[in-house]
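Visitor: missing the sequence, but the structure's below:
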């Protein structure tokens, strides 16, 4: 069985972020097939194109781009702010996509999970992330969709992982499907390349 | 070399539709790998859930669903109306998706091409089709994106196919990538199923 | 007090449509300020640009366009199909927008309400309607947003109107805000024109 | 004639930003009716909800929120990054929207202009900004739409303002319409409040 390295990008900087707990829970479920690590984005200064290729470029940009470039797949786990993707997450996507022609997102298989305490589960955020992934040439898992509503402190145990219950069942299905998706994309590429 | 059957869904009923010509041009370019046929959608009455599973259901619904169910992949080629997907195309998507649990779109690899005489090339239409394909569990080719602007009568020859020039180069790249994408998805599924 | 005529466009043809009941409930709440009537869209054949200005144009197109042109404001009430606006509703929008330059939607103040039995309340449908309204030059009420989830048969009484409870409170707020919005847009235009 | 104060938010930090020049050109055209100033967003650290109401909250947050709260209207002028709103702009929107219940965007009339060197003119960015403005209860000018394509250094003179030509005509129409829109919203509110 192939084990894939996965970069998790969490769209909230809040220390007790629900989305961070969702991300960790997904990883725990598929730890045999997915080797996940959260790549922090809170230290990435706001992207400015004038930085590209200059000494003014923040050192954290290189650190972030190298970490993303090294993995086999990407898992975005994010809340919704103001009916859209959080600025903090979009900034990380923008940093990784530049300089022009050197995007580290290119061809990485991905999945997108959004969670919120409200009913709508981050639908607006979810589809904005998808829209960027089209441009970035990332094959994103279509199904199952993951608009996780009513997620709050009660959803998780003291270990920070999802408790048994309906949310855990959903996360289990998501984690399984994502491991399958990453495998499918990599296997298929290898197969075609070998011909 | 495997040859895949492809259903083309054209989002315009206009007889001299540019999008129909774009679709035919794409098929001509990859005729060795893709066996394309346009499935007509102009005779599908507006979807009404009350029809589901009743004798009132239009006969054209069954005809359309069977034609879509039979193919290996889907190519949407559409204009934009009022910054969105044309109603005629969305109606066809809705018809194919029902009754609930019997969607004929499920798991079909797809590509989305939009063309218009204006500059924007149907961006709004393109991403609305993508949004439905997520729900419908269709792996959609992310790249190259296809927002084809400035498409008009001069783009095509007397045979209705794209003339030599920049648009033909773009369509050639799209057709090649789509044939690769359909192949990748089917190969990978076969490989994984065989294990 | 000015009473405004409102065309209600319901995005579902189902006879027992929840959205139709929501629309009727909104009208009942503000019947002193809003004179609402549902304009039917189920008899509009799929839009085909070849019809424009020809004898082939369906008679129902003229009937629909005249009915919309005559009113002071528009209330869209719709479900979501496949994460987007139903084809039947988009087709009506397309019919009303043509022939090019003769759109009957132009400058009409509007509100957009989406309702569904699920949790998400038609978020995807709601924002696709908004995207078309931008192009159609319709000032759409921004607030309160109306993604009405968990709407089902139990939400309504035998008279087809919303029962007392949380949904009725939400609909009351929406109806009040919409009457204010239509009034604001018309008053302001009159005031500016009079100067 | 009433003169309105307008906060301009530019979605690019690039020093020679085209969007900054577009913004300044719009202001120059309507300087008699609009008193514009660019509010800088480059010094706003990435939003973190843990800051809300604590001494850790960056001082620039208060400076930004006060500047936005003081004006009569908002003009967003932005490029598109990765088919969406730039992270730097979304971060500013997020900062202004919090703490929960204290959004400084509430009820501000707004317009959204997107410009890019490419053909599509920032369509994806434009509609993502609109989607947030719905939640933020901002009445956004629907028309004319402003997806400004093919904007580059040649579009502007040595003074940084748009040269005579088609782009200037478009910007003139936009500036006039925005001044009308801000006036319409404020007049109407005053009128209704006075009754």
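Guide: Okay, I see it. All values reported here derive from a predicted model rather than from experimental measurement.
Visitor: Return the distance of stretch A:151-171 from the chain's centre.
Guide: 19 Å (C-alpha atoms, centre = their mean, to the nearest Å).
Visitor: Would you mind pulling the contact partners of it?
Guide: By C-beta atoms under 8 Å, 6 or more residues apart in numbering or on different chains, the residues outside stretch A:151-171 that reach it are A:16, A:18, A:21-22, A:24-26, A:28-29, A:115-117, A:121, A:144, A:146, A:148. In this view, the C-beta of every residue, glycine as well, is placed from N, C-alpha and C.
Visitor: among those residues, which are in helices?
Guide: Judged by DSSP state H, helices contain the following of the contacts of stretch A:151-171: A:18, A:21, A:22, A:24, A:25, A:26, A:28, A:29.
Visitor: Could you tell me how far the residue positioned nearest the centre of chain A is located from residue A:128?
Guide: Compute the mean C-alpha point of chain A, and by C-alpha atoms, centre = their mean the closest residue is residue A:76, 1.7 Å away. Separation of residue A:76 from residue A:128 (C-beta to C-beta, to the nearest Å) stands at 11 Å.
Visitor: Likewise for residue A:25?
Guide: In terms of C-beta to C-beta, residue A:25 sits 23 Å off from residue A:128.
Visitor: mind checking which helix or strand residue A:68 is in?
Guide: With secondary structure defined by DSSP states H and E, residue A:68 is part of helix A:59-69.
Visitor: circling back to that earlier point, what pLDDT is listed against the residue nearest to the residue nearest to the centre of chain A when sequence neighbours are not counted?
Guide: Computed as C-beta to C-beta, 6 or more residues apart in numbering or on different chains, the closest residue to residue A:76 that is not its neighbour in sequence is residue A:112, at 4.8 Å. Reading off the confidence values, residue A:112 has pLDDT 98.
Visitor: what helix or strand does residue A:112 sit in?
Guide: Going by DSSP H and E, residue A:112 is part of strand A:110-115.
Visitor: Select the longest helix from chain A.
Guide: helix A:166-194.
Visitor: Tell me how far residue A:160 lies from residue A:27.
Guide: From residue A:160 over to residue A:27 (counting by C-beta to C-beta), the distance is 11 Å.
Visitor: out of these two, which sits in the more crowded spot?
Guide: residue A:27 (20 against 12; other C-beta atoms under 10 Å in any protein chain shown).
Visitor: Excluding chain neighbours, what is closest to the more buried one?
Guide: The spatially closest residue to residue A:27, leaving aside those adjacent along the chain, is residue A:36, at 3.7 Å (C-beta to C-beta, 6+ apart).
Visitor: okay, the angle between the helix or strand containing that neighbour and helix A:166-194?
Guide: Assessed by DSSP H and E, residue A:36 sits inside strand A:34-38. Interaxial angle of strand A:34-38 relative to helix A:166-194 (axes from the mean of the first three to the mean of the last three C-alpha atoms, to 10 degrees): 110 degrees.
Visitor: Around residue A:46, count how many other residues there are.
Guide: Residue A:46 has 24 nearby residues by other C-beta under 10 Å.
Visitor: and the strand holding residue A:36, what does it pack onto?
Guide: Contact analysis of strand A:34-38 by 3 or more C-beta pairs under 8 Å, 6 or more residues apart in numbering or on different chains; DSSP states H and E lists strand A:4-10, helix A:18-29, helix A:166-194 as its packing neighbours.
Visitor: Show residues contacting it.
Guide: With C-beta under 8 Å, 6+ apart as the contact definition, strand A:34-38 has outside contacts at A:3-10, A:20, A:23-24, A:26-27, A:73, A:75, A:175, A:178-179, A:182.
Visitor: mind checking how far the residue nearest to residue A:76 is from residue C:105?
Guide: Look at residue A:112 and residue C:105: by C-beta to C-beta, they are 34 Å apart.
Visitor: So which of those two has more stuff around it?
Guide: Neighbours were counted for residue A:112 and for residue C:105 using other C-beta under 10 Å; residue A:112 has more, 26 against 20.
Visitor: Please tell me I have it right and the more buried one contacts residue A:139.
Guide: No. Applying C-beta atoms under 8 Å as the test, residue A:112 and residue A:139 come out as separate, 11.9 Å apart.
Visitor: what are the bridge partners for the residue nearest to residue A:27, then?
Guide: residue A:6 (DSSP bridges).
Visitor: same thing with residue A:111?
Guide: Each beta-bridge partner of residue A:111 is listed here: residue A:75, as defined by DSSP bridges.
Visitor: wait, what's in contact with it?
Guide: In this structure, residue A:111 makes contact with A:73, A:74, A:75, A:76, A:140, A:141, A:146, A:174, A:177, A:178, A:181, judged by C-beta under 8 Å, 6+ apart.
Visitor: Is the second one in contact with residue A:7, as I believe?
Guide: Yes. Under the criterion of C-beta under 8 Å, residue A:74 lies in contact with residue A:7, with a separation of 5.4 Å.
Visitor: Between the two, which contacts overlap?
Guide: Here residue A:74 and residue A:7 have residue A:68 as joint contacts, going by C-beta under 8 Å, 6+ apart.
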